[in-house]
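Peer 1: starting from these lines, generate the structure:
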Amino acid sequence: MNDNKIYDVVIIGGAAAGMSAALYCSRRTLDTLIITKDVGGQASITDFIENYPGIEKIAGPKLMNQFQAHAESYGAIFKFDEINKIRKEDDIFILTGGIQEYKAKSLILAFGLVPRELDIPGEEEFKGRGVSFCATCDAPLYKDKVAAVVGGGNSALDGADLLAKLAKKVYLIHRKDNFRAEQVLIDQVTENKKIEILYQHEVKEVLGNNVVEKIKVVSLDTKEKKEIAVDGLFEEIGFIAKAGFLDGLVKTNKKGEVITDSETKTSEEGVFAAGDCTDVPFKQVVISAGEGAKAGLGAYFYLQSKAGKNRGMSIGWK
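Peer 2: Next up is the predicted model:
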């Protein structure tokens, strides 16, 4: 099925960057379409956001719902789909989604990041049935149970500390012999008697019958293998940019992040990018929102220039 309408701008991604871009595009009366799998991205699975300027504390889903309502109030349209391929014919971008095709005069890439996976047997089978990528989201399900957390950064240690408040026991599994997290978190988990730390260990397999029942781990030092009975496995090993669908449309770095300049322009004319999917070093909601606003304005001025109405950027306070 095809959406025969040619939108002024199509935004791929419906989190802080994408919705901020949509707000700025739609306020400039551009026909704006957001294509996304969900609303809010990582922010929507965050209990509370406490560092968004002007808002002392707010639930992540509530903030993201406000972003969506604000963008929609100016005419932005949301469609839930996943883009698999993009091609360019003349000056029109054609996007192939799982449901239909879309056409646009300009693009804003704001598809964020996805959790990094262990890529081990049983992982895919038990997703949502004991394998999780968000302790903040699913920790309440493990009250008085046994859980394992994989990782050595802030998210892993924070997840283990949170789970220890609910679960009867937590295994923290890290492939190195030291953590790279903030010292305050390291102190919290190492001093918590409910957390057993397995340094220099890797999870090799997830086992169970309908739900997770145990994991196979191996010591990278002694090569000893053992099985540990757990009710859940939390993979907190970071995020990656899933940019394969771009297939060379724009330049990316070794991490798969879209390379942008200070105006959010990419290597392809008419394509802008913002948020966590880009090479901007700091991954924060406020930064994503700001970069999204820049991308929205960039797309507007690009289209103005193509129409011969405006040849350059101008400062605006609206």
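Peer 1: so where do the helices sit in this protein?
Peer 2: Along the chain, counting by DSSP state H, helices occupy 16-27, 60-73, 135-138, 154-164, 183-191, 285-306.
Peer 1: so which of those helices gets nearest residue 119?
Peer 2: helix 154-164 (17.3 Å; Cβ to Cβ). In short, each C-beta sits where N, CA and C put it, glycine included.
Peer 1: name the helices or strands packed onto the closest one?
Peer 2: helix 135-138, strand 146-150, strand 169-174, helix 183-191, strand 195-199 (3 or more Cβ pairs under 8 Å, 6 or more residues apart in numbering; DSSP states H and E).
Peer 1: quick one: which of the ones you listed is nearest residue 98?
Peer 2: Smallest distance to residue 98 across these (Cβ to Cβ): 24.4 Å, for helix 135-138.
Peer 1: how confident was the prediction at residue 147?
Peer 2: On pLDDT, residue 147 comes in at 98.
Peer 1: next one: it from residue 131, what distance?
Peer 2: 11 Å (Cβ to Cβ, to the nearest Å).
Peer 1: these two: which is more packed in?
Peer 2: Between residue 147 and residue 131, counting by other Cβ atoms under 10 Å, residue 147 is the more crowded of the two (28 against 24).
Peer 1: now do residue 239 against residue 113, distance only.
Peer 2: Where residue 113 is concerned, residue 239 sits at a distance of 4 Å (Cβ to Cβ).
Peer 1: can you list residues touching both of those two?
Peer 2: By the contact definition Cβ atoms under 8 Å, 6 or more residues apart in numbering, residue 239 and residue 113 are jointly contacted by 42, 276.
Peer 1: got a list of what the closest residue to residue 140 other than its chain neighbours touches?
Peer 2: Nearest residue to residue 140, sequence neighbours excluded (Cβ to Cβ, 6 or more residues apart in numbering): residue 166, at 6.5 Å. Contacts for residue 166 (Cβ under 8 Å, 6+ apart) come out as 139-140, 142-144.
Peer 1: about what we covered before: residue 239 and residue 113: which has the busier surroundings?
Peer 2: Set residue 239 next to residue 113 and count neighbours by other Cβ under 10 Å: residue 113 wins out with 21 against 16.
Peer 1: phi, psi of the more buried one?
Peer 2: With angles defined as degrees, to the nearest 10, residue 113 sits at phi -130, psi 160.
Peer 1: just give the closest residue to residue 210, not the sequence neighbours.
Peer 2: residue 129 (6.7 Å).
Peer 1: need the phi and psi values for the one you found.
Peer 2: Dihedral angles (degrees, to the nearest 10) for residue 129: phi -130, psi 40.
Peer 1: please begin residue numbering at 38 from this point
Peer 2: Fine by me, first position is 38 from now on; the one you just mentioned is residue 166.
Peer 1: can you list the buried residues in stretch 267-282?
Peer 2: Buried residues in stretch 267-282, counting neighbours by 16 or more other Cβ atoms under 10 Å, are found at 267-274, 276, 278, 280, 282.
Peer 1: that stretch: end-to-end distance?
Peer 2: End-to-end distance for stretch 267-282: 36 Å, by Cα to Cα, to the nearest Å.
Peer 1: circling back: can I get the helices and strands packed on helix 191-201 in JSON lines including distance to residue 243?
Peer 2: As requested, those are exported to JSON lines (distance: least, Cβ to Cβ, whole Å):
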{"stretch": "helix 172-175", "distance to residue 243": "15"}
{"stretch": "strand 183-187", "distance to residue 243": "10"}
{"stretch": "strand 206-211", "distance to residue 243": "12"}
{"stretch": "helix 220-228", "distance to residue 243": "22"}
{"stretch": "strand 232-236", "distance to residue 243": "16"}
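Peer 1: rank these by pLDDT, which is bottom?
Peer 2: helix 172-175 (a mean of 82).
Peer 1: can you map out the strands along the stretch 238-355 of the chain?
Peer 2: Taking DSSP state E, counting those that start in this stretch as the criterion, the stretch 238-355 of the chain contains strands spanning 238-246, 248-256, 262-266, 269-272, 276-277, 308-310.
Peer 1: so which elements touch the last one?
Peer 2: Pointing back at strand 308-310 there. strand 144-146, helix 322-343.
Peer 1: from the chain's centroid, how far away is the last one?
Peer 2: How far helix 322-343 lies from its chain's middle: 19 Å, per Cα atoms, centre = their mean, to the nearest Å.
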